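>>> A predicted structure for the sequence below; I have some questions about it.
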Amino acid sequence: VPAHLPPLPGEGDGRPSPRQAATLKGGREAAERSVIEKALASHNNSRSRAASALGISRVTLYKKMKKYGLMP
């Protein structure tokens, strides 16, 4: 992988492998995880604010964080 490209999903970062991401479900899950990570980062890890920005409830955000291994 050239240095100017981002790492591939599945390179030890807990994300789906390229084979998993190639499926519709895997691609959707990879995208959803990425959006959640960015929302948390942009709201200083405030789950309430991130959930609000994403338009979902805190409970839904917690469930998705657990699903994707994003719990502290």
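Structure received.
>>> tell me which residue lies nearest the centroid of this protein.
residue 33 (1.6 Å; C-alpha atoms, centre = their mean).
>>> now stretch 47-57: how far from the chain's centre is it?
Put simply, stretch 47-57 sits 14 Å off its chain's centre (C-alpha atoms, centre = their mean, to the nearest Å).
>>> which residues sit against that stretch?
Stretch 47-57 has contacts (C-beta atoms under 8 Å, 6 or more residues apart in numbering) with 35-36, 39-40, 42-43, 58, 60-62, 64-65. All C-beta spots, glycine's among them, are computed from the backbone N, C-alpha and C.
>>> closest to residue 25 among these?
The closest of these to residue 25 turns out to be residue 64 (C-beta to C-beta; 14.3 Å).
>>> and the strands in this protein?
Counting by DSSP state E, the chain has no strands to list.
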